[in-house]
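In: Please work out how this folds:
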Amino acid sequence: MGWCNGNTPAFERESRRVRFPLSPIFSYFKKCPREILSMVSYYKQHSKNLWMIDGAIKTVQRSLRDYISRDEDLNSYLYTKILSHLINSWAEVRVLKLAYEKGGFNDSERRRIIQCNGPRKRWEEALTIAFCKAYHVSNVNQINSLTTPITPRTRYQELMKLISNDLLESNQLRNRISHGQWSYAFNNDLLSINEPLTRKLRQENIIKLQLRLRMFISLAQIIHDLAVSKQTFERDFDKNYRKIEEQKRNFHNRNYDDYKKKMILKREQGIKKRRARE
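Out: I've put the predicted structure just below:
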């Protein structure tokens, strides 16, 4: 008999009688406090969400590159907005995964991060908590004071500027895209057009979005190192931050029109080669 008549299938009734031995890791978690089980579970769930978004980003990027190479401006614009939305979603989920990574934040610190209003505040809070723990700063207001050594203080300030200015500079733009304002961005009262936001909306392109994603990836690694191991953070900071500086330079210097011409030319050359082989 199947499920449709409300009876339990025979194979399911039989499976309930089987008792599989627990592996050592599950035996351990069975004895763990509920908080640890929740932490492990939520980490896996945020990781799964991030994995799904990663897959969506790769799929959309392939389609977007194809539309660019075909010189299909409308489809290129539409898929750029989809990619922008996905990267914003990636940033939101990545900081949640960061909060649950092993050895990083305790339950109280994690709660402070999650309860912040919006992704920008969560990234800032994660950085601040990790810094205070690593350098034994008891009061957040002391971070920028002369009592904090200048090298870590400067690093903190640069990372905070990166979050505020380069990565999450426009929560307003993010909200407009999420609410379907893809061609014209309105003011909050929805009674007039926001011209500066509309210009920013139309200036987004695949180059800037890909570089922004890479900067997020580098930033997450730096904050993770800071939260888990001060020694690792200090050892690898220059290497990791150099990547961000290179990405920032490319973000501001690379030209989309040149990129588009190269993609169109590459496709045309590929078509010629295929025809030559026929």
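In: Could you measure from Arg112 over to Phe105?
Out: 8 Å (C-beta to C-beta, to the nearest Å). For the C-beta atoms, the positions are set from N, CA and C on the backbone; glycine is no exception.
In: where do the contact lists of the two overlap?
Out: In terms of C-beta atoms under 8 Å, 6 or more residues apart in numbering, Arg112 and Phe105 are both contacted by the residues Ile129.
In: of those two, who's got more company?
Out: Each of Arg112 and Phe105 has its neighbours counted (other C-beta atoms under 10 Å); Phe105 has more, 23 against 16.
In: Give the helix, strand or coil label for the more buried one.
Out: Following DSSP: H, G, I helix; E, B strand; the rest coil, the label given to Phe105 is coil.
In: So which bits of the longest helix belonging to the chain are buried?
Out: Secondary structure of the chain per DSSP state H: the longest helix is helix 34-69. Within helix 34-69, the residues that count as buried by 16 or more other C-beta atoms under 10 Å are 39, 42-43, 46, 49-50, 53, 56-57, 60-61, 64-65, 67-69.
In: Mind giving me the packing neighbours of whichever helix or strand comes after it?
Out: Sequence order places helix 73-100 as the next helix or strand after helix 34-69, per DSSP states H and E. Applying 3 or more C-beta pairs under 8 Å, 6 or more residues apart in numbering; DSSP states H and E, we find helix 73-100 packed against helix 34-69, helix 107-114, helix 119-134, helix 171-178, helix 206-228.
In: Turn those into JSON lines, including mean pLDDT and distance to Ile143.
Out: Formatted as JSON lines, these follow (pLDDT from 0 to 100; distance: least, C-beta to C-beta, whole Å):
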{"stretch": "helix 34-69", "mean pLDDT": "88", "distance to Ile143": "27"}
{"stretch": "helix 107-114", "mean pLDDT": "94", "distance to Ile143": "15"}
{"stretch": "helix 119-134", "mean pLDDT": "94", "distance to Ile143": "7"}
{"stretch": "helix 171-178", "mean pLDDT": "83", "distance to Ile143": "23"}
{"stretch": "helix 206-228", "mean pLDDT": "93", "distance to Ile143": "13"}
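In: can you redo those as CSV with distance to Asn88?
Out: Listed next are these as CSV, based on distance: least, C-beta to C-beta, whole Å:
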stretch, distance to Asn88
helix 34-69, 10
helix 107-114, 18
helix 119-134, 8
helix 171-178, 5
helix 206-228, 9
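In: which stretch among those helices comes nearest Gln269?
Out: In terms of C-beta to C-beta, the element of the helices and strands packed on helix 73-100 nearest to Gln269 is helix 34-69, at 10.6 Å.
In: out of the helices and strands packed on helix 73-100, which comes closest to Trp90?
Out: Of all the helices and strands packed on helix 73-100, it is helix 34-69 that lies closest to Trp90, at 4.9 Å by C-beta to C-beta.
In: Taking helix 73-100 as reference, get the angle to that closest one.
Out: Per axes from the mean of the first three to the mean of the last three C-alpha atoms, to 10 degrees, the angle that helix 34-69 makes with helix 73-100 is 160 degrees.
In: which strands and helices sit next to helix 34-69?
Out: So helix 34-69, by 3+ C-beta pairs under 8 Å, 6+ apart, packs with helix 24-31, helix 73-100, helix 107-114, helix 206-228, helix 256-277.
In: mind redoing it with 6 Å?
Out: Other helices and strands packing on helix 34-69, by 3 or more C-beta pairs under 6 Å, 6 or more residues apart in numbering; DSSP states H and E, are helix 73-100, helix 256-277.
In: Having no further points to raise, I will conclude here.
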